[in-house]
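Peer 1: 3D, please:
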Amino acid sequence: MAVKVTWRGDKVVNDVKRAGNLGLYEWGEHVLEESQRRVPHDTGDLERDSRVRPDENKNIVVVSYGEEAAANYAVVQHEDKTLHHPQKGEAKFLETAVKEESGHGVGFVAVNVKKVLS
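Peer 2: As a prediction, the model looks like this:
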């Protein structure tokens, strides 16, 4: 009796990595959404100048504000706790969202990896 086995370990590893990166990206989108509830609003530039960018080579996701229109004041708005935001918003809007949502990141990754392995 002979049994033929085909090893697909490399494919599985790549599929799991892709699924994990997708989960990270989805978590990044979730963090961005949560931070949008806290971001200071005046003209809306800071809210619009936000993005989630995956770096699949490093297995990370970057959530950022102020890379374009709001570049001159994004850091000040984020860091200066003395600023008053009459319409909405608070300092540390992104940092707070990351801290509050950090425990959920594993869940986003796990859901995607589980799909690949089932």
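
Peer 1: Can you tell me the SS state at the nearest residue to Q77 once chain neighbours are set aside?
Peer 2: Excluding the flanking residues, the one nearest Q77 by CB to CB, 6 or more residues apart in numbering is P40, at 5.1 Å. Glycine gets a C-beta too; all of them are placed from N, C-alpha and C. Following DSSP: H, G, I helix; E, B strand; the rest coil, the label given to P40 is coil.

Peer 1: What separation is there between P40 and K17?
Peer 2: Per CB to CB, to the nearest Å, P40 is found 37 Å from K17.

Peer 1: just S35 next, same as before
Peer 2: Distance of S35 to K17, computed by CB to CB: 27 Å.

Peer 1: Mind checking which of these two has more residues around it?
Peer 2: S35 (23 against 14; other CB atoms under 10 Å).

Peer 1: Tell me how many other residues crowd the residue nearest to that one when sequence neighbours are not counted.
Peer 2: Spatial nearest neighbour of S35, excluding adjacent residues (CB to CB, 6+ apart): A97 at 3.8 Å. By other CB under 10 Å, the residues close to A97 number 21.

Peer 1: which stretch of helix or strand covers A97?
Peer 2: helix 93-101 (DSSP states H and E).

Peer 1: Who are the packing partners of that helix?
Peer 2: When contacts are defined as 3 or more CB pairs under 8 Å, 6 or more residues apart in numbering; DSSP states H and E, helix 93-101 packs onto helix 9-36, strand 60-65, helix 74-79.

Peer 1: beta partners of R51?
Peer 2: Judged by DSSP bridges, the bridge partners of R51 are S64.

Peer 1: so it sits right up against S64, yeah?
Peer 2: Yes: with contacts defined as CB atoms under 8 Å, R51 counts as touching S64 at a distance of 5.9 Å.

Peer 1: Out of the helices and strands packed on helix 93-101, the one nearest E101 is which?
Peer 2: helix 9-36 (5.1 Å; CB to CB).

Peer 1: helices or strands up against the closest one?
Peer 2: Using 3+ CB pairs under 8 Å, 6+ apart, the elements in contact with helix 9-36 are strand 50-55, strand 60-65, helix 93-101, helix 105-117.
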